[in-house]
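*Asks:* coords please:
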Amino acid sequence: MDKLQAMQVFTRVVDTNSFSGAADSLHMTRSSVTTIIQNLEAYLKVRLLNRTTRRISVTPDGAAYYERCSRILAEVEDSENSFSTTASPRGKLKVDMPGSIGRLIVVPALDDFHARYPDIDLMLGVGDKAVDLVQDSVDCAIRMGPMQDSTLVARRVGVSEFVTVASPDYLARNGEPKTLADLDRHIAVNYFSSRNGRIVEMDFVVDGKPVEIQIRSRLAANDGDAYLQCGLKGLGIIQVPHFLALPHLQSGTLIEVLEKWRPMPFPISAVYPQNRRLSPQVRVFVEWIAELFEQCKILRADNPLPPGLAQYLKPRHPARVATPRSEDATAM
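*Replies:* Have a look, this model is predicted:
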């Protein structure tokens, strides 16, 4: 029995909570994964997993063995990487990101990434629905907004500023709000979480602090493109990332309002499961993304940020993070 392979298969089964998921991520058949786990349990003379027709769970012995296997595999990977520091990273890399960031920022720059790292085969998932990194075997994801999942390691790679906008047709019919108090007479298009159905209220920065304001609404959407289209059609005021609104601001199909009280900027983070080591492919991709976002002017509005918000632009070291505010508002 190949003990190292058995450890890799076992930890992947635990990570994905699935024999089929482990088989797919390791490019093996499900029967091979099952046989390896059975042989490993026979060799160790303990049951590592409880299996039913619907689910699997880790036994106490399995949990202890998993922790040891994770440390051993990490040491093996570190040892291998120490002898290949000058080699170009190679292999498959599966990443996921919001649709608008992928289409407008990342995809147009991928020729530079491939020129730098020609041996990385990139699988790019682009969409507004947040995936389960472990279950879907995603190596790294780009997320906007404060993170809720404390099982993920997050590294700040950028910041996206938001703007409050409306169409010329809407403003012609309803007038332009000049103060936050004027919003009592206006209509908003709301954004709601596809995860829990919660409406995400609009926020405005007042004296350096975000203030949520509930605005009358007759319409809500949970898709970034649909939300933007509602604003373009004059159905209400919306708040969107500056990079998403920019071409429409330039063409005049959207007009910024309440510029003095711009919304809170959202952090952009690269995240990955805390029980996985940072592979060379993930490391170089994250560094490339951070460089790309640093140089990307469309993430920033033309005018300076409101006073007191410089703290939100400070880079942070990788850390496990969990904050109460929803990240669902940023799948745009």
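
*Asks:* give me the element residue 95 is part of.
*Replies:* Per DSSP states H and E, residue 95 falls inside strand 91-97.

*Asks:* Repeat that for residue 101.
*Replies:* Using DSSP H and E, the element containing residue 101 is helix 99-101.

*Asks:* Show me what the strand holding residue 95 is packed up against.
*Replies:* In terms of contacts (3 or more Cβ pairs under 8 Å, 6 or more residues apart in numbering; DSSP states H and E), strand 91-97 is packed against strand 120-126, strand 140-144, helix 280-295. C-beta coordinates here come from the backbone N, C-alpha and C atoms, glycine included.

*Asks:* buried sites along the last one?
*Replies:* By neighbour count, and taking 16 or more other Cβ atoms under 10 Å as the criterion, the buried residues in helix 280-295 are 280, 281, 282, 284, 285, 286, 288, 289, 290, 292, 293.

*Asks:* Helix, strand, or coil at residue 133?
*Replies:* When classified by DSSP: H, G, I helix; E, B strand; the rest coil, residue 133 comes out as coil.

*Asks:* show me the contacts for it.
*Replies:* 96, 139, 140, 141, 152, 271, 272, 273 (Cβ atoms under 8 Å, 6 or more residues apart in numbering).

*Asks:* Low-confidence stretches in this protein?
*Replies:* 78-87, 128, 147-151, 194-195, 274-278, 302-332 (pLDDT under 70).

*Asks:* Give me the distance from the helix ranked longest in it to the chain's centre.
*Replies:* In the chain, taking DSSP state H as the definition, the longest helix is helix 60-82. Its chain's C-alpha centre and that of helix 60-82 lie 26 Å apart, by Cα atoms, centre = their mean, to the nearest Å.

*Asks:* quick one, that helix and helix 280-295 angle?
*Replies:* If you take axes from the mean of the first three to the mean of the last three Cα atoms, to 10 degrees, helix 60-82 sits at 70 degrees to helix 280-295.

*Asks:* Going by neighbour count, list what's buried in helix 60-82.
*Replies:* Buried residues in helix 60-82 (16+ other Cβ under 10 Å): 62, 65, 66, 69, 70, 73.

*Asks:* Tell me which residues are up against that helix.
*Replies:* Counting by Cβ under 8 Å, 6+ apart, 4, 7-8, 10-11, 14, 44, 46-49, 58, 275, 277, 279-280 sit against helix 60-82.

*Asks:* And these, which two are furthest apart?
*Replies:* 47 and 280 (35.5 Å; Cβ to Cβ).

*Asks:* before we move on, the earlier item: any idea which of the helices and strands packed on strand 91-97 gets closest to residue 22?
*Replies:* Going by Cβ to Cβ, the one of the helices and strands packed on strand 91-97 nearest residue 22 is strand 120-126, 17.5 Å.

*Asks:* In terms of secondary structure, what does the closest one contact?
*Replies:* Counting by 3+ Cβ pairs under 8 Å, 6+ apart, strand 120-126 packs on strand 91-97, helix 110-116, helix 280-295.

*Asks:* Tabulate those (CSV), appending distance to residue 241.
*Replies:* As requested, the helices and strands packed on strand 120-126 are exported to CSV (distance: least, Cβ to Cβ, whole Å):
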stretch, distance to residue 241
strand 91-97, 13
helix 110-116, 20
helix 280-295, 12
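
*Asks:* out of the ones you listed, which comes closest to residue 145?
*Replies:* Closest among the helices and strands packed on strand 120-126, using Cβ to Cβ: strand 91-97, at 12.9 Å.
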